[in-house]
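**Q** Need the 3D shape of this:
(one chain, ligands or ions: 2)
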Amino acid sequence: MAPTQRHRWVTRPDSRGRKRIAQMQRFTLDSAREDFAARYPQAQFPPIVALVAAYEEEQNIGDVLKAMPTMVGDLEVTTLVVVDGGSDDTAAVALDAGVFTCVLPVNLGQGAALKLGYELAATYGARYVVTLDADGQNDPSELPSIVQPLLDDVSDFVIASRRLGVDQTTDRFRRAGVKLYAWILNEISRQQLTDSSNGYRAFKIELLNDITPHLLQDQYQTAEVVITAANRGWRISQQPTVWHPRASGTSKKGGNLFFGLQYGRVIGTTWLRVRREGRPRP
Ligand SMILES: Nc1nc2c(ncn2[C@@H]2O[C@H](COP(=O)(O)OP(=O)(O)O)[C@@H](O)[C@H]2O)c(=O)[nH]1
Ligand SMILES: [Mg+2]
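**A** Ligands and ions are numbered 1, 2, ... in the order given. As a prediction, the model looks like this:
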């Protein structure tokens, strides 16, 4: 039987096992970096990078990539897909679409894949990074409105909000969870966000360079990014979005209860970490 997220959670490895896993993760990341550098020896990113971390989304990612804007005003947009292992044709679909594609040979989780994407964006010269899902839940045509507050320099980090916009999904438990966790996160990080778990986000590269070394979550990363950025004094704002149902397939993040527990765990552990670290000096 393939190990599930839940299975991994209850059979945590001992410290030697964790060291071995960390070594394998480093090896995996290095080989993806080398592979990317060899595939794009002349790579240079324009100011805006749309970053899609994708795990087994061959059915959905093609349409997402087709709908991606290529300009915001007079700033060029390019797309970077980080394919996070998996056994389907996600990488082939991304390569066929002609976008920058970085392939992790094994699945490391969305948090790890996005961290690699942030690093590549910075290395190859991007100034703004917009993350969005590969499953069709975020509409790429909204990218200009999501990134605009950064271009106007009124914010450093923008999160799309389905609660300020339109939620076209019907899962009432998920909706209640989004509300509850936004409230908790606002209480501990002194924000007024309505949808802190939305993965449609725009960042200034300076913010990503500052927070990335602090990020530890391999998979459930959305709350960690918000709490870390807020603690480090960056300006966070929100923009309305239309939240679509998944184009096909089911969530890979587990059922509502499991997802909720993981989300709560990440809020708790990140909150403890930032309290320990304290706030950086202005
Ligand atoms: N890189 C990476 N992305 C993942 C993984 N699991 C899910 N995703 C991606 O994260 C996005 C959101 O995941 P999804 O399963 O739809 O979660 P949900 O929208 O919160 O129910 C999608 O683009 C997925 O392809 C993973 O293990 N690694
Ligand atoms: Mg989804």
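
**Q** surely G125 meets V49?
**A** No - counting by C-beta atoms under 8 Å, G125 stays clear of V49, with 9.2 Å between them. Glycine gets a C-beta too; all of them are placed from N, C-alpha and C.

**Q** what about the residue of the stretch 151-282 of the chain found nearest ligand 1, how many neighbours?
**A** Closest approach between the stretch 151-282 of the chain and ligand 1, counting by C-beta to the nearest ligand atom: S251, at 3.0 Å. Look at S251: counted by other C-beta atoms under 10 Å, it has 13 neighbours.

**Q** residues touching it, list them.
**A** With contact taken as C-beta atoms under 8 Å, 6 or more residues apart in numbering, S251 is in contact with F259.

**Q** Over to it: give its phi and psi.
**A** According to degrees, to the nearest 10, the main-chain angles of S251 amount to phi -60, psi 140.

**Q** which residues of the stretch 1-150 of the chain fall in strands?
**A** In order along the chain, the stretch 1-150 of the chain carries the following strands (DSSP state E, counting those that start in this stretch): 48-54, 71-72, 75-84, 100-104, 128-131.

**Q** export those strands to TSV and tack on distance to ligand 2?
**A** Formatted as TSV, these follow (distance: least, C-beta to the ion, whole Å):
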stretch	distance to ligand 2
strand 48-54	11
strand 71-72	24
strand 75-84	14
strand 100-104	19
strand 128-131	13
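
**Q** between the ones you listed, which one is nearest to A223?
**A** Shortest distance between A223 and the strands of the stretch 1-150 of the chain, using C-beta to C-beta, is found for strand 128-131: 14.5 Å.

**Q** how much space is there between the residue positioned nearest the centre of the chain and C102?
**A** The residue lying closest to the centre of the chain (C-alpha atoms, centre = their mean) is L114, at 5.1 Å. With distances taken as C-beta to C-beta, to the nearest Å, L114 is found 11 Å from C102.

**Q** shared neighbours, those two?
**A** When contacts are counted by C-beta under 8 Å, 6+ apart, L114 and C102 are jointly contacted by V82.

**Q** Skipping its backbone neighbours, what lies nearest R174 in space?
**A** The shortest distance from R174 to any residue other than its chain neighbours is 6.0 Å, reached at N256 (C-beta to C-beta, 6 or more residues apart in numbering).

**Q** More neighbours: which of G125 and V49?
**A** Higher neighbour count among G125 and V49: V49, with 27 against 13, using other C-beta under 10 Å.

**Q** show me what contacts that one?
**A** Residues touching V49, when contacts are defined by C-beta under 8 Å, 6+ apart, comprise V77, T78, T79, L80, A121, A126, Y128, V129, V130.

**Q** And for M71, the neighbour number?
**A** Other residues near M71 number 11, with proximity taken as other C-beta under 10 Å.

**Q** partner residues bridging it?
**A** In this entry, M71 is beta-bridged to E76, by DSSP bridges.

**Q** how about V158, phi and psi?
**A** As for V158, its main-chain torsions (degrees, to the nearest 10) stand at phi -110, psi 130.
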